[in-house]
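S.K.: Curious how this folds, go ahead:
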Amino acid sequence: MTAVLQAEAGDADKVAPIVHESKRMGIEVSPPDVNESFRNFAMIQDTRHETHITRHKEEKKEESAPQARIRFGLSAIKNVGEHVCEVIYRERKEHGRYASAEDFLTRIQDKDLNKKSLESLIQAGALDSFGHDRGVLLANIENLLFFVRQTRERETTKQDSLFAGTAIALDAHVTLKDAPRATMDQKLHWEKELLGLYVSSHPFEYFQTVLANIAVPLAQLAEHARDAWVVVGGIAGGLKKKITKRGEVMLFATIEDVTGSVELLVFPKTYEKTTALWRDGNVLLVVGRTPKEDGDNKVFVERASELNKQNAEQIARELSFGMSVRDYAPQMQEEKTVQISLSKQEMKQSAGALKHLFSEYPGEYQVYVRVGENKIKAQSRIDWNSEVLEKLEAVVGEGKVEVFE
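M.R.: Numbers count the residues shown, from 1 in each chain. The predicted structure is shown next:
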């Protein structure tokens, strides 16, 4: 796996599914680290395990061999640059591991270790092994840079007395002020921005588990039937609008789950209905069709819904309990439909009035009634106009009737 990752290191779209497959095989993949990373991806021994063995070797217990894992290379971090990556690697190779953040900042006396590169190292997790939270280090970036400047000045002038009476003695630690710890969402955002993919976790991981029997993993989409309905989910990104010859707006986007990413095409009619959902980083459930041609790995979007931890399980249950993709997305059907959403109590109270109304206004619109987690296809078709809408809302209340044409 390491060799494959090394070969594809410059292409995040190819690296992401390889990282997923490695994790599926039980191989841990870790963010870059100044004490372990090489320039490129590398398989390393788990030093955390070795430390445990050393601490307990007097107990004479049998221990399994240290586990190997894949570590991101330093050169994968944007804004750091090949030169300073080489300096960091060479210094560690020649003089040993960095004992602390201060030791690292003291030993890397290179002008390319500046504010931008140091921030990127912190955000990508390359300094995590020193025991400081990324959010705390980032909030103290000016203190770290001051330490760097003082250290370089000391090396230049050799005047140790410069540090007398200051907060930074020659062997002192950098003073880190209290600051909020980085949330997992922040870490993932930084990793995506600087490494091109999520490493510590994935913002869709929870949803991938909940929708395991519903959504097709994107890495498997190419094997899905052609010109067929499909449900996929993931994190929206790469949004690009295009104006058609008719002056309408359509959208090109990507969606990424834990296993990979694919392109989405949102045509004008669908985009008009779902415009508010298309924001970078939004978690979406998408219903659409696969292309007719083999090898064309994209989805033509017919419906998109925003996912959150409050609605994901309900959606999964609805689709698991036999609701088809076509039922879940009634506007995708060739027939025109009206959907009425009611509670069980409301259904009991309004059933008679609705039945009378359906018979009074027969037409071509198929009626669906959603009651809690269940969706019922009524044995009625009704007409549709403003008068019918007014009559329906008089029975069930405003905001509970949707029409799909």
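S.K.: List the buried residues of the helix or strand where R154 lies.
M.R.: Here R154, judged by DSSP states H and E, is contained in helix 141-157. Buried positions in helix 141-157, judged by neighbour count with 16 or more other C-beta atoms under 10 Å: N143, L144, L145, F146, F147, V148, Q150, T151, R152, R154. Bear in mind the C-beta positions are built from the backbone N, C-alpha and C, glycine included.
S.K.: next one: stretch 133-142
M.R.: Within stretch 133-142, the residues that count as buried by 16+ other C-beta under 10 Å are D133, R134, G135, V136, L137, L138, A139, N140.
S.K.: tell me which of those is nearest to D110?
M.R.: L137 (19.0 Å; C-beta to C-beta).
S.K.: who touches the closest one in this structure?
M.R.: If a contact means C-beta atoms under 8 Å, 6 or more residues apart in numbering, then L137 has A101, I122, L127, L144, L176 as its contacts.
S.K.: how about it, secondary structure?
M.R.: Applying DSSP: H, G, I helix; E, B strand; the rest coil to L137 yields a three-state assignment of helix.
S.K.: cool, and G363?
M.R.: What three-state DSSP gives for G363 is strand.
S.K.: Could you count how many residues lie near it?
M.R.: Neighbours of G363 under the rule other C-beta atoms under 10 Å: 16.
S.K.: go on, K269?
M.R.: Number of residues near K269 (other C-beta under 10 Å) recorded here: 13.
S.K.: Just give me how far the host helix or strand of it sits from the chain centre.
M.R.: Under the criterion of DSSP H and E, K269 resides in helix 268-274. Chain-centre distance of helix 268-274: 24 Å, with C-alpha atoms, centre = their mean, to the nearest Å.
S.K.: Next: stretch 91-105.
M.R.: Once both centres are worked out by C-alpha atoms, centre = their mean, stretch 91-105 turns out to sit 33 Å from its chain's centre.
S.K.: Any idea how far apart the tips of that stretch sit?
M.R.: The separation between the terminal residues of stretch 91-105, taken as C-alpha to C-alpha, to the nearest Å, is 12 Å.
S.K.: any idea which helix or strand comes after the helix or strand of the chain with the lowest mean pLDDT?
M.R.: Taking mean pLDDT, DSSP states H and E as the measure, the chain has helix 47-55 as its least confident helix or strand, at a mean of 44. Sequence-wise, the next helix or strand downstream of helix 47-55 (DSSP H and E) is strand 68-71.
S.K.: Sheet partners, orientation included, of that next one?
M.R.: Here strand 68-71 is paired, per DSSP bridges, with strand 29-30 (parallel), strand 42-45 (antiparallel).
S.K.: Which one of these lies nearest to V232?
M.R.: strand 29-30 (23.5 Å).
S.K.: For I340, give its distance to A304.
M.R.: Going from I340 to A304 by C-beta to C-beta, to the nearest Å gives 22 Å.
S.K.: So those two - more neighbours on which side?
M.R.: Remark: of I340 and A304, A304 carries more neighbours, 25 against 22, as counted by other C-beta under 10 Å.
S.K.: Surely that one touches R279?
M.R.: No - between A304 and R279 no contact is recorded; they are 11.3 Å apart, counting by C-beta atoms under 8 Å.
S.K.: remind me which residues of the stretch 101-250 of the chain are low pLDDT?
M.R.: Across the stretch 101-250 of the chain, residues meeting the criterion (pLDDT under 70) sit at 155-172.
S.K.: Tell me where it has strands.
M.R.: With DSSP state E, counting those that start in this stretch as the criterion, the stretch 101-250 of the chain has strands at 229-243, 249-256.
S.K.: got a markdown table for the ones you listed, with distance to A394 and mean neighbour count too?
M.R.: Below are the strands of the stretch 101-250 of the chain laid out as a markdown table (distance: least, C-beta to C-beta, whole Å; neighbours: other C-beta atoms under 10 Å):
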| stretch | distance to A394 | mean neighbour count |
| --- | --- | --- |
| strand 229-243 | 35 | 18 |
| strand 249-256 | 36 | 20 |
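S.K.: which one of the ones you listed lies closest to K344?
M.R.: Taking those one by one with C-beta to C-beta, strand 229-243 is closest: 26.8 Å.
S.K.: Export the closest one to PDB, keeping only CA atoms.
M.R.: Listed next in PDB are the C-alpha coordinates belonging to strand 229-243 (Å, rounded to 0.1, in the frame of the first residue of the first chain):
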ATOM      1  CA  TRP A 229     -31.500   5.300  -9.800                       C
ATOM      2  CA  VAL A 230     -28.900   5.600  -7.100                       C
ATOM      3  CA  VAL A 231     -28.600   7.100  -3.600                       C
ATOM      4  CA  VAL A 232     -25.300   8.500  -2.600                       C
ATOM      5  CA  GLY A 233     -24.100  10.800   0.200                       C
ATOM      6  CA  GLY A 234     -21.100  12.800   1.200                       C
ATOM      7  CA  ILE A 235     -19.500  16.200   1.700                       C
ATOM      8  CA  ALA A 236     -20.200  18.700  -1.100                       C
ATOM      9  CA  GLY A 237     -17.400  20.600  -2.700                       C
ATOM     10  CA  GLY A 238     -15.800  21.900  -5.900                       C
ATOM     11  CA  LEU A 239     -18.900  23.900  -6.800                       C
ATOM     12  CA  LYS A 240     -18.900  25.400 -10.300                       C
ATOM     13  CA  LYS A 241     -21.900  27.200 -11.800                       C
ATOM     14  CA  LYS A 242     -22.500  27.300 -15.600                       C
ATOM     15  CA  ILE A 243     -25.000  29.300 -17.600                       C
END
